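Trainee: here is a sequence together with a model predicted from it:
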Amino acid sequence: METQLLAIVLNNRSSFEKVHGLITLKEHSREFQHLMKLVAEFYQRDPHAQAVDVSLIYELIGATFPNPKHIERFKALVDEAKAADVSTLNVETTIIEVRRREIEQQIAIAAVNKDGKLLELIDEYQNISKINTFDELIAQGATVIEKIDVASLVMERNSGGMLMQVFPRVVNQRLGGGLLPGHHVIVFARPEMGKSATIINMGAGFARQGFKVLHVENEDRPSDVQMRYVSNLAGMNRKEILSDPARAQGLADSYGMEQITVAELTPGSPQQVEELIERFQPNVCIVNQLRNLNVNESNKVIALEKQATELRNIGKRTNVAMISVTQAGESASGKMYLEMGDVDFSNTGVQAQCDVLMGIGADEPMLGLNERGISFPKNKIGGEDDSHDPVVVRINKQLSRLISPSGSADSQN
């Protein structure tokens, strides 16, 4: 492995910068350690160099080691590396993955021992997770746009039926007019605060506009979710639906019920969510809840970031707007407007993996009035001066509707 590592860092500055900090030098031979030191110094001296001048390395070796046998051993290692037929992508990926697994184990131990280095390890893990190679990006379907066409950007947003309005309208205003395919919105709140009503109101609003909605549920019973969609679209409470199901069916269908598919996972995985998207081809996918998805990770902090990351990437790959739900921590109890740090088990990871972070809160007087405060601690798509300003809405629990301050049932108009 030393030969392969040396080969990629000699030939490519980018490779050196990716893997140098991930290699534990003391675990390698003395010759390799010294050569890596010479390579690091070479790139540091010349910030424009994209590869190492091996002839200069030979001179530095000769100046450092007077023993000819040592010089020959170092030169042989360099010559072997230069002659090696190495897959740069595979070597980089291997080094990154090995270090990632090492840190995962260290995080698990630190969490058990309540080690003060836990946050530092999590930060390192997050930084490593962002490392990627250009070839990997292209292989995974990345799009590279070298020339920006302003007219095309405007057309994408304002025509072609791509912009999906979010209801209630007061929320849509904060989001700059709506969502586009590939956007990821994370809704978070304490239990019984109206998360389900919020996403059902949003899903019903999309259906009314003619967009296909896939609602993936691993929290509530699918039939209960379907009933709430019927209530929202038909404007009938549960008792009225049970007494006149034919009327409820007709009204709900006339307002887009056939555009909504409810799927249950127990608890499911991001891969299964993507399979459902491929099967039903929605414009919007709602996932309730994010934190229940299985990502084969026992550490809750890392798991939640993985879950959010996976769903965001799925939205980008499939060109589908993603709306996912998670919990707010104890710090959110009794608060009108939630903040970035109120996401349960996350200070940075989840927040980094969405375009919009939407919190739902209420104090005691608001609860009595069926009011909720909706905050936007993160809003990358709003674009206006008031994009982060919170709003107050009323919640109609019987119909799973959110209503703007004016009092009009915005999910219907």
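Mentor: It's in.
Trainee: what pLDDT does residue 270 get?
Mentor: If you check residue 270, the pLDDT there is 94.
Trainee: try the one 10 residues further on
Mentor: What the model reports for residue 280 is a pLDDT of 96.
Trainee: and it, how far from residue 386?
Mentor: 36 Å (C-beta to C-beta, to the nearest Å). C-beta: built from backbone N, CA, C; applies to glycine.
Trainee: kindly report the same for residue 19.
Mentor: For residue 19 relative to residue 386 (C-beta to C-beta), the value is 45 Å.
Trainee: mind listing what's buried in the helix or strand hosting residue 81?
Mentor: With elements taken from DSSP states H and E, the one containing residue 81 is helix 68-83. By neighbour count on 16 or more other C-beta atoms under 10 Å, the buried set for helix 68-83 is 70-71, 74, 77-78, 81.
Trainee: so residue 298 sits against residue 111, correct?
Mentor: No. Using C-beta atoms under 8 Å, residue 298 makes no contact with residue 111, being 9.2 Å away.
Trainee: looking at these two, which one has more neighbours?
Mentor: Remark: of residue 298 and residue 111, residue 111 carries more neighbours, 17 against 9, as counted by other C-beta atoms under 10 Å.
Trainee: give me phi/psi at the more buried one?
Mentor: For residue 111, the backbone dihedrals (degrees, to the nearest 10) come out as phi -70, psi -40.
Trainee: so it touches residue 118, yeah?
Mentor: Yes. Counting by C-beta under 8 Å, residue 111 touches residue 118, with 6.0 Å between them.
Trainee: what lies in contact with the helix holding residue 81?
Mentor: Under the contact criterion C-beta atoms under 8 Å, 6 or more residues apart in numbering, helix 68-83 has outside partners 2-4, 6-7, 10-11, 31-32, 34-35, 54, 57-58, 61-62, 65.
Trainee: and the buried ones among these, selectable in PyMOL?
Mentor: This is how PyMOL selects the buried members of those, with burial counted by 16+ other C-beta under 10 Å:
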select buried, resi 2+4+6+7+10+11+31+32+34+35+54+57+61+65
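Trainee: just the contacts of helix 68-83: which are in helices?
Mentor: 2-4, 6-7, 10-11, 31-32, 34-35, 54, 57-58, 61-62 (DSSP state H).
Trainee: of all these, which two lie farthest apart?
Mentor: 4 and 62 (25.1 Å; C-beta to C-beta).
Trainee: who are the packing partners of the longest strand seen in the chain?
Mentor: Ordering each strand of the chain by length in residues (DSSP state E) puts strand 371-379 first. Applying 3 or more C-beta pairs under 8 Å, 6 or more residues apart in numbering; DSSP states H and E, we find strand 371-379 packed against helix 169-174, strand 356-361, strand 391-396.
Trainee: just want the angle from the helix holding residue 81 to helix 54-64.
Mentor: Calculated by axes from the mean of the first three to the mean of the last three C-alpha atoms, to 10 degrees, helix 68-83 forms an angle of 160 degrees with helix 54-64.
Trainee: let me know which of the helices and strands packed on strand 371-379 is tucked in deepest.
Mentor: strand 356-361 (a mean of 26; mean count of other C-beta atoms under 10 Å).
Trainee: return the distance of the next helix or strand after that one from the chain's centre.
Mentor: Once the chain leaves strand 356-361, the next helix or strand it forms, by DSSP H and E, is helix 364-368. Computed by C-alpha atoms, centre = their mean, to the nearest Å, the separation of helix 364-368 from the middle of its chain amounts to 33 Å.
Trainee: so where's the stretch 1-150 of the chain shaky on pLDDT?
Mentor: Applying pLDDT under 70 to the stretch 1-150 of the chain flags the ranges 129-148.
Trainee: same check, this time on the stretch 251-400 of the chain
Mentor: Judged by pLDDT under 70, no stretch of the stretch 251-400 of the chain qualifies at all.
Trainee: what are the ranges of the helices in it?
Mentor: Along the stretch 251-400 of the chain, the stretches classed as helices by DSSP state H, counting those that start in this stretch are 270-280, 300-318, 349-352, 364-368.
Trainee: distance to residue 48 and mean neighbour count for those helices - can I get that in TSV?
Mentor: Listed next are the helices of the stretch 251-400 of the chain as TSV, based on distance: least, C-beta to C-beta, whole Å; neighbours: other C-beta atoms under 10 Å:
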stretch	distance to residue 48	mean neighbour count
helix 270-280	41	16
helix 300-318	34	21
helix 349-352	32	20
helix 364-368	59	11
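Trainee: out of these, the one nearest residue 289 is which?
Mentor: helix 300-318 (9.2 Å).
Trainee: just the C-alpha atoms of stretch 199-215, please, in PDB.
Mentor: Provided in PDB are the C-alpha atoms of stretch 199-215 (Å, rounded to 0.1, in the frame of the first residue of the first chain):
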ATOM      1  CA  ILE A 199     -46.900  17.900   6.100                       C
ATOM      2  CA  ILE A 200     -50.400  16.700   5.200                       C
ATOM      3  CA  ASN A 201     -51.400  20.200   4.500                       C
ATOM      4  CA  MET A 202     -48.400  20.600   2.300                       C
ATOM      5  CA  GLY A 203     -49.000  17.300   0.600                       C
ATOM      6  CA  ALA A 204     -52.600  18.100  -0.100                       C
ATOM      7  CA  GLY A 205     -51.600  21.600  -1.400                       C
ATOM      8  CA  PHE A 206     -49.200  20.000  -3.900                       C
ATOM      9  CA  ALA A 207     -51.900  17.500  -5.000                       C
ATOM     10  CA  ARG A 208     -54.400  20.400  -5.600                       C
ATOM     11  CA  GLN A 209     -51.800  21.900  -8.000                       C
ATOM     12  CA  GLY A 210     -51.700  18.700  -9.900                       C
ATOM     13  CA  PHE A 211     -48.300  17.400  -8.600                       C
ATOM     14  CA  LYS A 212     -47.800  13.800  -7.600                       C
ATOM     15  CA  VAL A 213     -47.100  13.200  -4.000                       C
ATOM     16  CA  LEU A 214     -45.500  10.100  -2.400                       C
ATOM     17  CA  HIS A 215     -46.000  10.100   1.400                       C
END
